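Colleague: starting from these lines, generate the structure:
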Amino acid sequence: MIARAASAAEERAMDLLGWIVVGLLAGAIARLIMPGRDPGGCVVTILLGIAGALLAGFVGRLAGFYATGERAGFVAAIVGAIAVLALYRFFAARR
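Modeller: Sure thing, here's the model as predicted:
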């Protein structure tokens, strides 16, 4: 029983780590798709890519597109990164 709980925790940690790696790539691609000046630079853009990838996975699970433990596609991560980057630019420009 304890080994099964540890295994589930390790699986969630590896899932999160996988999303971070996918988010790094998705953030870089989102930056290429949406050129222009970002108020935060490349590092903030890549962090927003990670947030977008996590958001895509979370929303996909809530909508029933993906089961628990199943990752969303790379395209969904890129779309999530573009959405978060667009929101960031919108709110940063209003200041």
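Colleague: quick check: which element contains Leu47?
Modeller: For Leu47, the host element (DSSP states H and E) is helix 41-63.
Colleague: now do the buried residues in that helix.
Modeller: The neighbour-count check on helix 41-63 (16 or more other CB atoms under 10 Å) flags 45-57, 60-61 as buried. The C-beta positions use only the backbone N, C-alpha and C, and glycine is treated the same way.
Colleague: now stretch 65-82
Modeller: Buried residues in stretch 65-82, counting neighbours by 16+ other CB under 10 Å, are found at Tyr66, Arg71, Ala72, Ala76, Ala77, Ile78, Val79, Gly80, Ala81, Ile82.
Colleague: so the first one versus Ala9, what's the distance?
Modeller: To Ala9, Tyr66 is 20 Å away according to CB to CB, to the nearest Å.
Colleague: repeat that for Gly36.
Modeller: On the measure of CB to CB, Gly36 and Ala9 end up 41 Å apart.
Colleague: more neighbours: these two, which one.
Modeller: More neighbours surround Ala9 than the other of Gly36 and Ala9, with 10 against 7 (other CB atoms under 10 Å).
Colleague: now the helix or strand harbouring the more buried one: buried residues?
Modeller: Using DSSP H and E, Ala9 sits within helix 2-33. Going by neighbour count (16+ other CB under 10 Å), the buried part of helix 2-33 is Trp19, Val22, Gly23, Leu24, Leu25, Ala26, Gly27, Ala28, Ile29, Ala30, Arg31.
Colleague: let me see the contact set for the residue nearest the centre of the chain.
Modeller: Note on the chain: the residue nearest the mean C-alpha position is Ala53, at 1.5 Å, using CA atoms, centre = their mean. The neighbourhood of Ala53, defined by CB atoms under 8 Å, 6 or more residues apart in numbering, consists of Trp19, Ile20, Val22, Gly23, Ala26, Gly27, Ala72, Ala77, Gly80, Ala81.
Colleague: kind regards, and thank you for your time.
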